[in-house]
Every structure is written in C-alpha cells, then in structure tokens.
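1. one predicted model, sequence on top.
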Amino acid sequence: MQTSNQKQFLGLPLILIWGYIAVAIFMTGDGIEQAFLSKYIKILGFTSSNATNVLTVYGFVVAIASWLSGVLAEVFSPRRIMTIAFIMWIVFHVGFLTLGLAQHSYPLMLIMYGIRGLAYPMFIYSFVVWITISAPRHKLASAMGWFWAMYSIGIGVIGTYLPSFTIPFIGYMGTLWSSILFIFIGGMLAMFLVKDKKGATSDSKNMSKTEILREFVKGVTILKNPQIVIASLIRIINQLALFGLVAFMPAVFTDQFGYSMSEWLRIWGLMYIITIFTNLLWGLVGDKIGWKRQVRWFGCMGMAVSTLAFYYLPLWSGPQFWSALIAAILFGFAVAAFVPMTAVFPTLEPEQKGAAISIHNLSAGLSNFIGPLIATVSLQIGDAEFAIWVYTAIYIIGFILTFFMKVKQPKEIYQKGE
C-alpha cells in the first residue's frame with residue numbers, strides 16, 4: 001500500500017513527473033505520421049487496401065507487444081523495458097523510411113513498420129505498470145488520467161498539428177524523419193530523470209527461468225476471471241473509432257467533404273487537444289461518480305453519438321470548420337471517458353497487477369489492430385458511411401457489456417484503506 005504522504009498534484013504522483021513528460025515527448029514522435037500515413041502511402045501509388053493493410057499489420061504487432069509489456073515491465077523493470085523500446089523504435093523506423101517508403105517496397109513497409117509496432121506499447125505501457133506500483137489505488141484513475149493526457153498531448157496535439165506545418169516545407173518524408181528527435185529525447189528522459197526507484201528494480205535476478213515463464217503464463221491464465229474478460233472487451237471497444245477513422249477519414253475529408261489535408265490534420269489535432277483536458281477531467285470525475293457509470297454513459301454512448309457526428313456533421317454542412325469543430329469536441333469528450341478502465345484491471349486482480357495490466361495493454365493493442373481492420377472489412381462491403389455505422393453499433397454493444405462488469409468503486413477502495 002502506498003504511503004499517504006506521497007506528494008501529488010490533483011492525483012499526479014510528482015515522483016513520476018519526468019516519466020509523464022517522457023510519454024508526451026515520445027508519443028509526439030510516434031504520432032507524427034498517424035493522421036497522414038495512409039494518405040501518403042496512396043500518394044506513393046499504392047491502393048487504399050494496401051494502406052489499411054499496413055496499419056492493420058502494425059496494429060496486430062502493437063497488440064502482441066501491448067500484452068507482453070506489462071509482464072516484461074514487472075519482471076525486468078519498467079525503466080529497462082522503456083529503454084529497450086525507444087532504441088528499437090529508432091532502428092526500425094529508419095528501416096521503414098529507407099527500405100520501405102523510399103524504395104516503394106510494400107513487403108518491407110509491412111515488415112519494418114510492423115516490427116516498429118513492438119516499441120511504442122512497450123514504452124508507454126511499461127510506464128503504466130510504473131504508475132500502478134507508485135500511485136495510491138483510490139487515486140489510480142486520476143493518475144491514469146494524467147497519463148492519458150500526456151499521451152494525448154504527444155500523439156494527438158503536437159504529433160498531429162506539427163505535420164500540418166512541416167509537410168508544406170519539408171514534405172512527408174522530412175516530417176517522418178523528424179520524429180526520431182522526439183523519440184530520442186523521450187527515451188533519454190525515461191532513462192535518466194525519473195527518480196522513483198520502484199520502476200528501476202525487478203525480481204528477475206532472483207527468479208529462475210521457470211518462474212519468469214510462469215509470470216508470462218499469468219498473462220493468459222488471468223483470463224479465467226470472467227470480469228477481466230468483460231473489462232477487456234470494453235477496453236478493446238474504447239478506441240476502435242480513434243484508430244479506425246484515421247485509416248479512411250483523411251481521404252473522406254479531403255476527397256469527399258472538400259477539406260485540405262492541413263485542415264484535416266488540424267481538426268484531428270483539435271480533437272486530441274480536447275482529450276488533454278477531458279482525460280484529466282474524467283480521471284477526477286470517475287473517482288467521484290464511479291468508474292462504471294462514467295464508462296457506460298459518457299464513454300460507450302458518447303462514442304456512439306460522436307462517431308456518427310464525425311461523419312454526418314461535415315457531410316451535411318460541407319467544408320465548414322464549425323461543423324468539424326463540434327464533432328471533434330464531442331469525440332474528444334467521449335473517447336476520454338474510458339480513462340477509469342486503466343484502473344479497473346489492477347483493481348479486479350490486486351495480487352496480479354502485472355498480469356492484469358498486460359491484459360489491459362493487450363486490449364488497448366487489439367483496439368489499435370481491430371480499429372483499422374474494421375475499416376478494411378467495412379470498406380470492402382460498403383462505403384465510409386457503412387463503416388461509421390459499424391463502429392456505432394459496436395459502441396452500443398459496449399454499453400450493454402458495462403451492466404455485467406462488477407468492480408470495486410473508488411469510494412469502496414478508499415473506505416477500506418487500500
């Protein structure tokens with residue numbers, strides 16, 4: 001149990017502040033290409049299917065790495081895994097640019113970008129384990145809210161807005177090369193400036209190979225807990241539209257709705273600006289009103305409505321910034337309302353936090369994989385409008401699932417002194 005005198009600022013554990021900053025900077029580098037890569041691959045002469053396949057393969061690898069990261073961090077220490085991750089990211093990003101994109105090699109694009117997908121979840125989800133080790137349990141949603149706020153600042157705000165200014169001057173490839181600087185800085189901060197020793201130590205030196213293997217097996221056997229399975233499904237549903245819309249909406253906004261690429265990037269970036277504040281807001285609110293209630297009404301139903309708004313408001317109004325602004329605000333509020341899910345997993349299995357976080361991370365990674373996959377399949381069956389309705393239906397399913405999720409709420413945890 002964490003000591004009550006740990007210094008905090010609105011639920012932020014100050015001892016980890018440089019880690020939070022590292023996440024923001026790292027995700028800036030990782031997120032630079034997310035809102036334009038599918039469009040750029042098409043510009044190089046590949047099909048829409050080729051573009052979504054690259055993102056789908058990447059998402060599949062992200063899912064695997066997300067699952068492994070929680071147990072890896074618990075066994076070998078969060079700091080060590082974060083260090084390995086940022087080095088791996090740089091190596092395979094260079095391979096993706098030089099061997100894949102520059103050579104117009106579709107197989108090497110799939111391979112290099114796919115393997116690069118191992119790195120970002122290992123970096124950020126190892127830090128999630130670090131947070132669960134250091135933050136008081138009754139304040140865990142607030143601490144996670146700060147984590148997702150830093151994530152949004154990086155991947156969404158700076159990572160999305162920056163290309164809208166750099167692409168006109170240094171082009172798509174120059175922008176992709178610039179991401180390495182952010183990854184390097186974020187990695188160095190995590191290596192040297194986070195002072196909390198809990199994330200720098202591990203039990204691996206005292207563990208046999210069998211014991212280490214047993215820890216990895218826990219990342220699967222923990223699924224015997226039906227509540228973990230339900231929580232996992234809800235967490236997968238959480239970001240399906242977030243990762244899925246970028247696979248086809250850049251083309252829809254530019255080719256169908258009449259926006260420019262820079263306008264699309266700024267709209268998507270605006271949504272992430274909203275999530276900076278809503279991640280913090282929902283982290284604090286969730287600790288007050290209850291995690292399930294928030295996820296059910298503001299998360300699942302909010303995303304069902306806002307996903308529809310992201311398509312229909314610009315469709316009805318034409319390329320008017322105000323309509324996209326409303327859609328971005330609604331989307332930013334709704335997608336962040338799932339923040340307490342990060343706290344739900346270790347609360348359901350307090351004696352197996354690493355394994356529980358691994359399933360959370362796997363679920364987040366599967367969201368990264370299934371989101372673009374839904375787009376790929378939906379666009380083969382119907383059009384963009386059909387795909388939007390598929391995402392909406394899935395969020396309604398998530399709404400129903402929340403009625404079956406049973407987890408101690410923050411007030412219960414606090415009253416028991418956990």
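-> Cool, got the structure.
2. show me the strands in the stretch 151-300 of the chain, by range?
-> Along the stretch 151-300 of the chain, no stretch is classed among the strands by DSSP state E, counting those that start in this stretch.
3. so where's it uncertain?
-> In the predicted model, the stretch 151-300 of the chain carries pLDDT under 70 at residues 198-209, 212.
4. which one's the longest helix in the chain?
-> The helix that spans the most residues within the chain, counting by DSSP state H, is helix 159-192.
5. in that helix, what counts as buried?
-> The neighbour-count check on helix 159-192 (16 or more other C-beta atoms under 10 Å) flags 159-164, 166-167, 172, 175-180, 182-187, 189-190 as buried. C-betas here are computed from N, CA, C, even on glycine.
6. cool, stretch 48-68 as well?
-> Residues 48, 50-68 are the ones in stretch 48-68 that count as buried (16+ other C-beta under 10 Å).
7. the stretch 101-250 of the chain: helices as residue ranges?
-> Under the criterion DSSP state H, counting those that start in this stretch, the stretch 101-250 of the chain contains helices at 106-116, 119-134, 140-151, 159-192, 209-221, 226-238, 240-245, 249-251.
8. any idea which of those helices gets closest to Thr307?
-> Closest approach to Thr307 among the helices of the stretch 101-250 of the chain (C-beta to C-beta): helix 240-245, 4.7 Å.
9. other SSEs contacting the closest one?
-> Packing partners of helix 240-245 (3 or more C-beta pairs under 8 Å, 6 or more residues apart in numbering; DSSP states H and E): helix 301-317, helix 321-336, helix 353-381, helix 384-401.
10. residues of that helix that come out buried?
-> Result for helix 240-245 [16+ other C-beta under 10 Å]: buried residues 240-245.
11. just put the residues you listed in JSON lines and tack on distance to Gly31.
-> Putting the buried residues of helix 240-245 into JSON lines (distance: C-beta to C-beta, whole Å) gives the following:
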{"residue": "Leu240", "distance to Gly31": "18"}
{"residue": "Ala241", "distance to Gly31": "17"}
{"residue": "Leu242", "distance to Gly31": "12"}
{"residue": "Phe243", "distance to Gly31": "12"}
{"residue": "Gly244", "distance to Gly31": "16"}
{"residue": "Leu245", "distance to Gly31": "14"}
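12. out of the helices and strands packed on helix 240-245, indicate the one that is most buried.
-> Stretch with highest mean neighbour count among the helices and strands packed on helix 240-245: helix 353-381 (a mean of 23; mean count of other C-beta atoms under 10 Å).
13. about what we covered before: which of the helices and strands packed on helix 240-245 has the lowest mean pLDDT?
-> Note on the helices and strands packed on helix 240-245: lowest mean pLDDT is at helix 353-381, with a mean of 87.
14. off-centre distance for that one?
-> Put simply, helix 353-381 sits 10 Å off its chain's centre (C-alpha atoms, centre = their mean, to the nearest Å).
15. next, the angle from it to helix 119-134.
-> Angle, helix 353-381 to helix 119-134, by axes from the mean of the first three to the mean of the last three C-alpha atoms, to 10 degrees: 140 degrees.
16. name the nearest residue to the most centrally placed residue in the chain, sequence neighbours excluded.
-> For the chain, the residue nearest the mean C-alpha position is Ala364 (6.4 Å; C-alpha atoms, centre = their mean). Of all residues beyond its chain neighbours, the one nearest Ala364 is Ser66 (5.5 Å), with distances taken as C-beta to C-beta, 6 or more residues apart in numbering.
17. the one you found falls within a strand, correct?
-> No - looking at Ser66 with DSSP: H, G, I helix; E, B strand; the rest coil, it is helix, so not inside a strand.
18. does it touch Leu362 like I think?
-> Yes - Ser66 lies in contact with Leu362 (C-beta atoms under 8 Å); the separation is 5.3 Å.
19. what sits against Leu72?
-> Listed by C-beta atoms under 8 Å, 6 or more residues apart in numbering, the contact set of Leu72 reads 81, 122, 126.
20. check contacts around Pro121.
-> Here Pro121 is in contact with 62, 65-66, 69, 361, 364-365 (C-beta under 8 Å, 6+ apart).
21. right, I mislabeled it, should have said Tyr259
-> Applying C-beta under 8 Å, 6+ apart to Tyr259 gives the contacts 253, 267, 314, 319, 324.
22. kindly report the same for Ile87.
-> Ile87 touches Gly187, counting by C-beta under 8 Å, 6+ apart.
23. for it, give its distance to Leu55.
-> According to C-beta to C-beta, to the nearest Å, Ile87 and Leu55 sit 24 Å apart.
24. also Leu313?
-> The value you get for Leu313 to Leu55, if C-beta to C-beta is used, is 25 Å.
25. swap in Ile170?
-> Here the criterion is C-beta to C-beta. By it, Ile170 lies 23 Å from Leu55.
26. buried residues, stretch 102-113. List them.
-> For stretch 102-113, the neighbour count (16+ other C-beta under 10 Å) marks 106, 108-113 as buried.
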